[in-house]
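Peer 1: Build me a structure from this.
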Amino acid sequence: MVAALWRRWREARALRQRAIPDALWQQVLDAYPFIARRSEADRAALRRLCSLFLAEKEFTGAGGLQVTDDMAVAIAAQACLPVLQLGLQAYDSFVGIVVHGDEVVAPREVMDDDGIVHAYDELLTGEAMEGGPVMLAWADVLAAGELAELSYNVVIHEFAHVLDMADGQADGVPPLPSSAARQAWIDCIDTEYQAFVARIDAGHDDTTLDPYGAEGVEEFFAVAAEGFFVSPEAMSHEHPALYRLFADYFRQDPLA
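Peer 2: Below is the predicted model of the structure:
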């Protein structure tokens, strides 16, 4: 009882201290049509969740970038969309969000089957690491409204990885309530993933979802989450079974 009262008091304080001004919230709706088209109830719940998110997370600008209130709210709105019905506890595993002005170069190493290590550079617009932080390129965050027609959203992509890794591994299977639910998820997403890879390998890259999803089932889950939230019509048409699976998991239907 005491713990519940304490939690409600903390939430009420966060909602007061981190209340999002009307003008700033309208900027979010104007910039991101996939948020603006949600129901009035969804938008109100999302705005509330954003205030709690902003109270819990720490934003850091990289390379001299100053993270403004406008930037933080824009990120929060997109990050909270997947957990609108799941709750912020799904993001309890991390605190830090690092924002770069644009894509960054990350040095990588990979060992081949012969034991030879190959070094290369990878361009990143976002990255989620187990336990945090989450890294985002502001240029891509800012352009998310325009890029929605391509089923691209770097914030949703990286926060989908956070959900995926909540059980300790990035395998395209987020924590589910039962072994039966987990098996049903695996059956569906593996079938969809294999068909997607076959399509990409055959040279058909005119897919609703980013061909990058063929890199692994964990990436397929993340790019499918992008499509589910920002271009649900196209995603539901091309991947109806996966769309239904996601609607059950996220407890929301963007098409509705």
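Peer 1: quick one: the residue lying closest to A170 once chain neighbours are set aside and V173, what's the gap?
Peer 2: Leaving aside its sequence neighbours, A170 sits nearest to E218 (C-beta to C-beta, 6 or more residues apart in numbering; 4.3 Å). For every residue, glycine as well, the C-beta is placed using N, CA and C. Separation of E218 from V173 (C-beta to C-beta, to the nearest Å): 9 Å.
Peer 1: Show me whatever sits in contact with both of the two.
Peer 2: Residues touching both E218 and V173 (C-beta atoms under 8 Å, 6 or more residues apart in numbering) are D164.
Peer 1: and the residue nearest to A170, what is it in contact with?
Peer 2: With contact taken as C-beta under 8 Å, 6+ apart, E218 is in contact with H161, D164, A170, D171, G172.
Peer 1: Closest to G96 out of the residues you listed?
Peer 2: H161 (14.8 Å; C-beta to C-beta).
Peer 1: surely that closest one meets A128?
Peer 2: Yes - between H161 and A128 there is a contact under C-beta atoms under 8 Å: 3.9 Å.
Peer 1: quick one: low-confidence ranges for this protein?
Peer 2: 1-7, 9, 107-109, 111-112, 117-118, 120-121 (pLDDT under 70).
Peer 1: Give me the longest helix you can find in it.
Peer 2: Secondary structure assigned by DSSP state H gives helix 179-201 as the longest helix of the chain.
Peer 1: Give me the buried positions along it.
Peer 2: Buried residues in helix 179-201, counting neighbours by 16 or more other C-beta atoms under 10 Å, are found at W185, C188, I189, E192, Y193, F196, V197, R199, I200.
Peer 1: which SS state does the residue nearest to A170 fall under?
Peer 2: Per DSSP: H, G, I helix; E, B strand; the rest coil, the local secondary structure of E218 is helix.
Peer 1: for P177, same thing?
Peer 2: P177 is classified as coil under three-state DSSP.
Peer 1: can you give me the helices in the stretch 1-150 of the chain?
Peer 2: With DSSP state H, counting those that start in this stretch as the criterion, the stretch 1-150 of the chain has helices at 2-17, 22-31, 33-36, 40-56, 69-80, 138-142, 144-147.
Peer 1: which residues touch the third one?
Peer 2: Where contact means C-beta under 8 Å, 6+ apart, the residues beyond helix 33-36 that reach it are 28-30, 43, 46, 77-78, 81, 145, 148, 229-231, 254.
Peer 1: Out of the helices of the stretch 1-150 of the chain, which is the most enclosed?
Peer 2: Compared across the helices of the stretch 1-150 of the chain, helix 69-80 shows the largest average neighbour count, a mean of 22 (mean count of other C-beta atoms under 10 Å).
Peer 1: for the longest helix of the chain, packing partners?
Peer 2: Helix 179-201 sits against helix 217-230, helix 240-250, with contacts defined as 3 or more C-beta pairs under 8 Å, 6 or more residues apart in numbering; DSSP states H and E.
Peer 1: okay, these in JSON lines with distance to D205 next?
Peer 2: Output for those, formatted as JSON lines (distance: least, C-beta to C-beta, whole Å):
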{"stretch": "helix 217-230", "distance to D205": "13"}
{"stretch": "helix 240-250", "distance to D205": "18"}
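Peer 1: which residues sit in contact with I200?
Peer 2: T207, P211, A214.
Peer 1: I'd say the first one and A198 touch.
Peer 2: In this case it means T207. No - using C-beta under 8 Å, T207 is not in contact with A198, being 11.5 Å away.
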